[in-house]
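Student: fold the following.
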Amino acid sequence: MVVNVVNTSNARFWRWYRTLPILLMTAMLVLSLTVGFLPLDIVRGLFFPVNYAERIDDAAARHNVDPHLVAAVIKCESGWNENAQSRAGAVGLMQVMPDTAKSVSETGAVDTKKYSPSNLTDPATNIEYGSALLSYLQENLSTTNEVIAAYNAGLSTVQGWLANSDTNNVVDEITYPETRHYVERVNEALRQYQQYYPDGMSTQ
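Tutor: Reported below is the predicted structural model:
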């Protein structure tokens, strides 16, 4: 009798184990269909809200970067939490390292009188330095994937991967699992923001 109870429990477990992925896929399909029928403003508010939209558009224009990319990096780096701090010491919305901000300020790319590199907890300042960093990476790399990877792993690391590449496709050469996942996440967020904010982050 005990054996039968155990076997019955196992059978129930495996039924649920097989059924759960199907339920998850069904839920995602229903969500996708629902999003497709909702008004744009509701979709934005519920699924893809944006804070500091004007700051993002202004900084992106100043540094010649895609504002959708800035928003995607913020979403993946901090989830729009301006008080976020990593164990490594990265700060704020775009998780800028203080040493990186100081290096960016020394290039003259940022007006340090208006945006001090020591004030990275301020959202406007953080967005300014994060956007300036994306611009610097763009100037030294060729593709968006390379820029995204370098934002996570560093410029010299990405240049090293490319130097050893036969295909010149950085995605094929990434050796850090975290960076590979990061590139995927940021690209997905970028696609979403481009879709739902086609005219810029502050255009509602």
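Student: return the helix or strand in the chain with minimum mean pLDDT.
Tutor: When the helices and strands of the chain are compared on mean pLDDT, DSSP states H and E, helix 2-37 comes out lowest with a mean of 57.
Student: run through this protein and note the low-pLDDT ranges.
Tutor: 1-18, 20-21, 23-25, 27-41, 43-46, 203-204 (pLDDT under 70).
Student: give me the domain ranges for it.
Tutor: Structural domains annotated on the chain: 2-37, 47-196, as defined by automatic domain parsing.
Student: so where do the helices sit in this protein?
Tutor: Using DSSP state H, the helices of the chain run over residues 2-37, 40-47, 53-63, 67-77, 98-106, 123-140, 144-153, 155-163, 170-173, 177-196.
Student: looking at those, which one is packed in the most?
Tutor: Of those, the one with the most neighbours on average (mean count of other Cβ atoms under 10 Å) is helix 67-77, at a mean of 25. Yep, even glycine has a C-beta here, placed from its N, CA and C like the rest.
Student: just want the angle from that helix to helix 144-153.
Tutor: Angle of helix 67-77 versus helix 144-153, following axes from the mean of the first three to the mean of the last three Cα atoms, to 10 degrees, is 40 degrees.
Student: just the CA coordinates for helix 67-77, please, in PDB.
Tutor: What follows is helix 67-77 as a C-alpha-only set of coordinates in PDB (Å, rounded to 0.1, in the frame of the first residue of the first chain):
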ATOM      1  CA  PRO A  67      17.800  57.000 -26.400                       C
ATOM      2  CA  HIS A  68      16.200  53.500 -26.700                       C
ATOM      3  CA  LEU A  69      19.600  52.000 -25.900                       C
ATOM      4  CA  VAL A  70      20.000  54.200 -22.900                       C
ATOM      5  CA  ALA A  71      16.600  53.100 -21.600                       C
ATOM      6  CA  ALA A  72      17.400  49.400 -22.300                       C
ATOM      7  CA  VAL A  73      20.600  49.700 -20.400                       C
ATOM      8  CA  ILE A  74      18.900  51.300 -17.400                       C
ATOM      9  CA  LYS A  75      16.200  48.600 -17.400                       C
ATOM     10  CA  CYS A  76      18.800  45.800 -17.400                       C
ATOM     11  CA  GLU A  77      21.300  47.500 -15.100                       C
END
